[in-house]
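Peer 1: need a 3D model of the sequence below.
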Amino acid sequence: MDTLKVKYQPRIGLFLIGFIVLLAMSIFVLFAAQQPTHSHVIGRVISRLDLDAGLVLTVLGWVGIAFSIAAAGAAYWTKTLGERYVEIGAGTIRTPASNLSKNLLEIPVSDVQNVSMQSIQSTRIITLQHAKGKVEFTSMMFPEKGAFNALFEALNAINENNKTRSEH
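Peer 2: Next comes the predicted model:
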């Protein structure tokens with residue numbers, strides 16, 4: 001089998017868009033919390049639930065800002081990990097242990113037990129089960145077009161090859 005090496009890191013643009021949208025919404029909610037509750041729909045809806053609209057909106061705004069900061073931290077962390085790849089060749093599969101890990105796993109091709117793909121909304125996930133556990137690859141972690149599909153095809157070919165060997 002030829003060597004396959006695909007870049008495995010998040011698309012930072014998606015992180016940045018999510019960060020900016022969440023931060024903007026959180027700031028808007030904090031602004032709404034300072035206004036009289038009858039002056040906006042959100043405040044009236046929360047008040048009808050017999051809750052303190054100002055307090056609920058303030059908490060939601062600060063929680064949103066905290067998540068925004070956490071998302072920015074995760075994006076920064078992934079940049080500190082450097083270039084990461086999933087590589088198939090020389091009888092092994094080399095892959096990061098998880099999306100945000102520096103640790104590498106080396107899985108012998110002969111240890112591959114099952115390969116499957118599932119879709120959750122617009123995100124596809126490859127699950128590779130091997131003798132010592134499983135590894136998941138999400139489509140959002142492949143910045144190069146076609147890399148996710150190429151990886152799935154290569155892993156699926158290994159899986160089929162292993163099944164054929166075990167039948168004989």
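Peer 1: report how many residues lie close to Gly73.
Peer 2: With neighbours defined by other C-beta atoms under 10 Å, the count for Gly73 comes to 11. Glycine gets a C-beta too; all of them are placed from N, C-alpha and C.
Peer 1: please tell me I have it right and Gln9 contacts Thr78.
Peer 2: Yes: here Gln9 lies in contact with Thr78, judged by C-beta atoms under 8 Å, at a distance of 6.0 Å.
Peer 1: which strands and helices lie in contact with the helix or strand where Val6 lies?
Peer 2: Taking DSSP states H and E as the definition, Val6 sits inside strand 4-7. With contacts taken as 3 or more C-beta pairs under 8 Å, 6 or more residues apart in numbering; DSSP states H and E, strand 4-7 sits against strand 85-89, helix 147-167.
Peer 1: and the next helix or strand past it?
Peer 2: Where DSSP H and E defines the elements, the next helix or strand beyond strand 4-7 is helix 12-33.
Peer 1: I'd like the mean pLDDT over that following helix, please.
Peer 2: Along helix 12-33, the predicted confidence averages to a pLDDT of 88.
Peer 1: from the middle of its chain, how far away would it be?
Peer 2: For helix 12-33, the separation from the chain centroid amounts to 19 Å (computed by C-alpha atoms, centre = their mean, to the nearest Å).
Peer 1: what's the answer for stretch 25-42, then?
Peer 2: Centre to centre, stretch against its chain (C-alpha atoms, centre = their mean), the figure for stretch 25-42 is 31 Å.
Peer 1: which residues are contacting that stretch?
Peer 2: When contacts are defined by C-beta atoms under 8 Å, 6 or more residues apart in numbering, stretch 25-42 is touched by residues 43-44, 46-47, 53-55, 57-58, 60-65, 67-68.
Peer 1: can you give me the buried ones in that stretch?
Peer 2: For stretch 25-42, burial by neighbour count (16 or more other C-beta atoms under 10 Å) applies to Ser26, Val29, Leu30, Ala32, Ala33, Thr37, His40, Ile42.
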